[in-house]
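In: Fold the following for me, if possible:
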Amino acid sequence: MHNKTGLLPLNYVMPFVNEILKHRSLSIVGMEKNTGKTVCLNYILRRLHQEGASVAVTSIGIDGERTDQVYGSAKPEIILYEGMRFITSEKHYLVRQLLSEIEEIDTYRTSLGRLVTAKVLCQGKILLSGAATTDKLRRQIAHLAPTTDLTIVDGALSRMSLASPTVTEAMILATGAAVSPNIQQLVQKTAFVFDLISLPETDAEAKTLFADKETGVWYSDTAGQPHDLGLSSALMIAGVDGSFLRDCNRIFVAGVLNDVFLKYLMTQGKTDVALVVKDFTKIFVTPEIYRSFCKKGGRVEVLQRSSLIAVTVNPTSPQGYRLHSDDICHALEDRLHIPVYDVKKQ
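Out: From the prediction side, this is the model:
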C-alpha cells in the first residue's frame, strides 16, 4: 500500500484529494475562527507536494499567525514546500521563515503593503496576507493558472465570499467545536450552511435570462419575458406592489437575498415561485425564516452551484473544551450524507 516516499498512497489517507486535483482553484472556508483551516491547509499542501503537483497559495485575509489575536492561544503556522508559489503582503514577506525568490511585486496595495508573488526555494513557514477583495483574488487566480495546477485560497474571518464559484472552482468547509460546544447545535449550524452550498442550479432558460444581470431584482413572466422591478436592493421589496406576482414564475435577486425578501413573498402568499440567486454566498437569511419559506413550498436555486470537496472538523475549541472527534464526524455524516474528516487525526 505504500508509495516511493514510504507513506500510504495519497488517495488512501486523504480520499478527497483526487477531487481537489480535478480543479484549478480551491478555497478553504471556516464556519468560525479556529475550526482547523490551517491544519487542513497544511495537510493538503504536504500531500500535494508528495504528489508533485504545482501549487500556489494566497489568502483573503491574514493567515498563519503564531498566536490567535482573540484568545491568545498558539496556532499552527503555514508550511510551504520547495517549488510552491505564494502571494502575500510586503510586510509579511519580509518576516518569512523560508528561502524564496520574488517573481513579481504587484502595484495593488493593501494596508500591509504591496502584494508579492514568490517561489519557495527551501521549505519553511509563511504568514499569508493577500488581496482584500474577491475581484482581485479572481484576477490573481487567472494570472497564476497558466503555470499552476492548483491555486489554494485560505479564508479568514469566515469569509464565505471567496467560496463563490465565480472566485474558486471548489471549496472545503471547516467546522468544529468553535461553532458550538453542543454537538446537536454544531450539526444544525453546519447543516444549514451545507444545505445552502448544495442548492440546485436553475434551468438553462433562467440562466439565459438572468446571467448578465449584475444589479437589482428581476422577474420573468409566464411567457418567459424578463422585467426589472427597479430596485437597487432586495431590502427595498417591502414597498413594492405585489400584483406583479400574479404573472410571475421566477424571481432573480442579483445581490444579497435576505429575510426581508422571504417574508415579503410569504406575506403575499406567493411561495410557489423559483427564487434565483447567483450562488450560495449571496444568501444571508436565518435558518428559521428560510425553513419556513421552504415549508410553504418556496424554493431557492442558484445560477452557479459551488463544488464542495469535503467537510472537515476540529474537535477542540479555543476556549479549551474538546468534543469527541468520532462523535462529531458520525453526527455530521448522518445529517449531511457525505464523509466528514478530522484531518489532524487522520
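
In: Tell me where the stretch 51-200 of the chain has helices.
Out: Assigned by DSSP state H, counting those that start in this stretch, the stretch 51-200 of the chain shows helices spanning 90-94, 134-144, 183-197.

In: Give the buried residues for stretch 242-251.
Out: Across stretch 242-251, burial judged by 16 or more other CB atoms under 10 Å covers 245, 248-251. Backbone N, C-alpha and C define where each C-beta goes, glycine included.

In: Likewise for stretch 142-155?
Out: In stretch 142-155, counting by 16+ other CB under 10 Å, buried: 143-144, 148-155.

In: Then stretch 261-268?
Out: 261-266, 268.

In: Return the distance of it from the chain's centre.
Out: With CA atoms, centre = their mean, to the nearest Å as the basis, stretch 261-268 stands 28 Å off its chain's centre.

In: ok, which stretches of the stretch 51-200 of the chain are strands?
Out: 55-59, 62-63, 78-80, 85-89, 97-110, 113-126, 128-129, 150-154, 170-176 (DSSP state E, counting those that start in this stretch).

In: Quick one, which of those gets closest to Gln184.
Out: In terms of CB to CB, the element of those nearest to Gln184 is strand 170-176, at 13.5 Å.

In: If Val57 is in a bridge, with which residues?
Out: Phe86, Ile152 (DSSP bridges).

In: residues near it, how many?
Out: Applying other CB atoms under 10 Å, we find 28 residues neighbouring Val57.

In: Give me the pLDDT value at it.
Out: Here the pLDDT value assigned to Val57 is 96.

In: Spit out the contact partners of it.
Out: Taking CB atoms under 8 Å, 6 or more residues apart in numbering as the criterion, Val57 is in contact with 41, 45, 78, 80, 84-87, 128, 151-154.

In: any low-confidence regions in the stretch 101-250 of the chain?
Out: Flagging of the stretch 101-250 of the chain using pLDDT under 70 yields the residue ranges 156-159.

In: could you redo the last one with a cut-off of 80?
Out: The model of the stretch 101-250 of the chain has pLDDT under 80 over residues 155-159, 162.

In: who touches Leu41 in this structure?
Out: Leu41 neighbours (CB under 8 Å, 6+ apart): 28, 57, 63, 78, 152, 154.

In: export those to CSV and tack on distance to Ile172?
Out: Converted to CSV, those look like this (distance: CB to CB, whole Å):
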residue, distance to Ile172
Ile28, 5
Val57, 14
Asp63, 14
Ile78, 15
Ile152, 9
Asp154, 10
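
In: so what are the domain limits for this protein?
Out: Following automatic domain parsing, one gets these domains for the chain: 10-198+306-341, 204-302.

In: Any idea how far apart the tips of the shortest one sit?
Out: Going back to what we said before, that points to domain 204-302. 11 Å (CA to CA, to the nearest Å).

In: again, but for stretch 240-260
Out: 12 Å.

In: Give me the contacts around that stretch.
Out: For stretch 240-260, the external contacting residues (CB under 8 Å, 6+ apart) are 202, 206, 209-210, 213-222, 227, 229, 231, 233-235, 237-238, 261, 264-265, 268, 270, 273-278, 282-286, 289, 300.

In: of these, buried ones?
Out: For these, a neighbour count by 16+ other CB under 10 Å gives the buried set as 202, 206, 209-210, 213, 216-220, 229, 231, 233-234, 237, 261, 264-265, 268, 270, 273-278, 282-283, 285, 289, 300.

In: Looking at the residues you listed, which are in strands?
Out: Members of the buried ones among the contacts of stretch 240-260 lying in strands (criterion: DSSP state E): 217-220, 274-277, 283, 300.

In: which of these sit farthest apart?
Out: Ser220 and Ile283 (20.1 Å).

In: so what's Ser233 up against?
Out: Residues near Ser233 by CB under 8 Å, 6+ apart: 255-256.

In: So it versus Leu209, what's the distance?
Out: Applying CB to CB, to the nearest Å, the value for Ser233 to Leu209 is 20 Å.

In: Need the ones in strands among the buried ones among the contacts of stretch 240-260 in TSV (columns: distance to Val116).
Out: TSV is the format used below for these (distance: CB to CB, whole Å):
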residue	distance to Val116
Val217	41
Trp218	42
Tyr219	47
Ser220	47
Ala274	45
Leu275	43
Val276	40
Val277	36
Ile283	35
Val300	41
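
In: Would you check that Lys263 makes contact with Ile289?
Out: Yes: if you go by CB atoms under 8 Å, Lys263 and Ile289 touch, sitting 6.6 Å apart.

In: Does Asp149 touch Glu51 like I think?
Out: No: using CB under 8 Å as the test, Asp149 is too far from Glu51 to be in contact (9.5 Å).

In: Touching both of the two, which residues are there?
Out: Counting by CB under 8 Å, 6+ apart, the shared contacts of Asp149 and Glu51 are Leu21.

In: nearest to Gln319, of the ones in strands among the buried ones among the contacts of stretch 240-260?
Out: Among these, and counting by CB to CB, the member closest to Gln319 is Ile283, at 28.9 Å.
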